[in-house]
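Colleague: quick check, what structure comes out for this input:
(one chain, ligands or ions: 2)
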Amino acid sequence: METVAPEKEIIEVIKANGGDAFKYCYQCGLCDTVCPWNKVRAFSMRKVIRQATFGLTDIETEDIWRCTTCGRCPQRCPRGVKQIESGVALRRIATEYGVFPSAVKSVRTIGASLVAEGNPLNEERGKRANWAEGMSVPSFSEGMEILYFPGCYLSYDPRMKRVARATASILSKAGVDFGILGTKESCCGESIRKTGDEELFKRLARENIKSFIDAGVKRILVSSPHCYHTFKNEYPEFRVNFEVVHITQYLFELIAEGRLEISGQYAKRVTYHDPCYLGRHNSVFDEPREVLKKAGLELVEMADCGKDSLCCGGGGGRIWMETPKGERFSDLRIEQAVSVGAEVLATSCPYCITNFEDSRLNREDGEAIEIRDITEIIAEVI
Ligand code: SF4
Ligand code: SF4
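Modeller: Ligands and ions are numbered 1, 2, ... in the order given. Sure, this is the predicted structure:
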């Protein structure tokens, strides 16, 4: 096996990033039993990290890029081992040396797009607010109730733009005094950080923090659990604190305060998928379900729900990497939703929706189930 980076350096970087906790690992294997990879192929992050701590990891292997940072194994580990941090540390070395296996090569172009345009989709910064064309969505100004931060996928991806528009229509209907940053909004940086590009994360975070401070932002509404996670838990590393609220929490709040009235009924059988970065990483499990119930629908739970939710496969930068057919967790998730008779698979994350739509279209009975963001459902019943 070829090791590109000096072995000593790999070990030191892992330790510096919390990987030192791996010395407490007593090889019980619990982490392997919950890792979603083992539903589609044999994989052990435990072995990858163990080999790395002995200086034996081939930094060119695709295995160091597999972890979706879903959060299941740290949740189960009885010894407090930080598997995600150790895995990201390995990627940091690979990124520094510019070593990307073929399935991961896109990370390089994603990085270039983030630097040039502030988004991973190679779209122009100047078109960032085009999703709101034809709607009266104002620019944020100091004193407004809340900043709406749609994030990259909702700003540019044609499927996800529908979610941004549904969100803005709900906010308008509820009389919320909100605005957007438009071209001054940059990618939150959460996923590029998980690919190991710490410098680019810091650059994006600083750009956003400057925009927030310049505009006098106090409270931020996000659609993506990835934006939510990094604004809430990672931006405080820069000694700033903004109040962050996810759209599912905000809808719950608006309904509870009587600002948003549900007048119709969404008469369908719906199952809800907990996105890893909303549920497991940030403990938001109840509000999405409560909001869905308010729409008068029939809510059914599928297998692997709540804190044991099956990852869609898009976290940790995997949304940008190639996953061959037969190894896509999202295919399994659609099957779980179909098997409980759901007509609609609802969720609240742009990566989950992107992966689920792709999996749905690859099914022969793809028309049998719809994929909906919670805002799309609520927009239909108000
Ligand atoms: S669950 Fe924790 S202690 Fe057990 S093998 Fe995995 S990392 Fe080691
Ligand atoms: S965080 Fe999730 S994907 Fe990563 S190794 Fe743990 S269980 Fe597997």
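
Colleague: pLDDT below threshold where in this protein?
Modeller: 1-11, 14, 17-21, 55-58 (pLDDT under 70).

Colleague: how is it carved up into domains?
Modeller: 7-101, 106-254, 262-380 (automatic domain parsing).

Colleague: now render the ones you listed as JSON lines, adding mean neighbour count.
Modeller: In short, each C-beta sits where N, CA and C put it, glycine included. What follows is these, written out as JSON lines (neighbours: other CB atoms under 10 Å):
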{"stretch": "domain 7-101", "mean neighbour count": "18"}
{"stretch": "domain 106-254", "mean neighbour count": "19"}
{"stretch": "domain 262-380", "mean neighbour count": "20"}
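
Colleague: closest one to ligand 2 among the ones you listed?
Modeller: domain 7-101 (3.2 Å; CB to the nearest ligand atom).

Colleague: coming back round to it: can you lay out the domains of the chain as TSV showing distance to ligand 2?
Modeller: Compiled in TSV, the domains of the chain are given as follows (distance: least, CB to the nearest ligand atom, whole Å):
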stretch	distance to ligand 2
domain 7-101	3
domain 106-254	10
domain 262-380	6
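
Colleague: these: which one's closest to ligand 1?
Modeller: Among these, domain 7-101 comes nearest to ligand 1, with 3.2 Å by CB to the nearest ligand atom.

Colleague: and the contacts of the lengthiest helix in the chain?
Modeller: Identified as the longest helix of the chain according to DSSP state H is helix 198-215. Contact with helix 198-215 is made by 92, 111, 114-115, 118, 140-142, 147, 181, 184-190, 192-193, 217, 220, 230, 234-235, 238, 240, 242, as judged by CB atoms under 8 Å, 6 or more residues apart in numbering.

Colleague: change it to 7 Å
Modeller: Applying CB atoms under 7 Å, 6 or more residues apart in numbering, the contact partners of helix 198-215 are 92, 111, 114-115, 118, 140, 142, 181, 184-189, 192-193, 235, 238, 240, 242.

Colleague: over to stretch 281-300?
Modeller: Contacts of stretch 281-300 (CB under 7 Å, 6+ apart): 71, 228-229, 246, 248-249, 251-252, 255, 262, 265-272, 274, 278-279, 306, 340, 342, 346, 348, 374, 377-378, 381.

Colleague: do that again at 6 Å, thanks
Modeller: 71, 229, 248-249, 251-252, 255, 262, 265-266, 268-272, 278-279, 306, 340, 348, 374, 377, 381 (CB atoms under 6 Å, 6 or more residues apart in numbering).

Colleague: just want the most central residue of the chain.
Modeller: To find the centre residue of the chain, average its C-alpha atoms and take the closest one (CA atoms, centre = their mean): that gives H226, at 3.9 Å.

Colleague: that one reaches P275, doesn't it?
Modeller: No: assessed by CB atoms under 6 Å, H226 is found out of contact with P275, at 8.6 Å.

Colleague: can you give me the strands for the stretch 101-250 of the chain?
Modeller: 146-149, 178-179, 219-222, 243-246 (DSSP state E, counting those that start in this stretch).

Colleague: contacting residues around the third one?
Modeller: Contacts to strand 219-222, defined as CB under 6 Å, 6+ apart, come from residues I146, L147, Y148, F149, Y228, F242, E243, V244, V245, H246, Y250.

Colleague: out of the residues you listed, which is nearest to R79?
Modeller: Checking the contacts of strand 219-222 against R79 with CB to CB, the nearest one is Y228 at 28.4 Å.

Colleague: and that closest one, what does it touch?
Modeller: Y228 is in contact with V222, V244, H246, counting by CB under 6 Å, 6+ apart.

Colleague: can you tell me the closest non-neighbouring residue to the last one?
Modeller: Spatial nearest neighbour of H246, chain neighbours left out: Y228 (4.7 Å); criterion: CB to CB, 6 or more residues apart in numbering.
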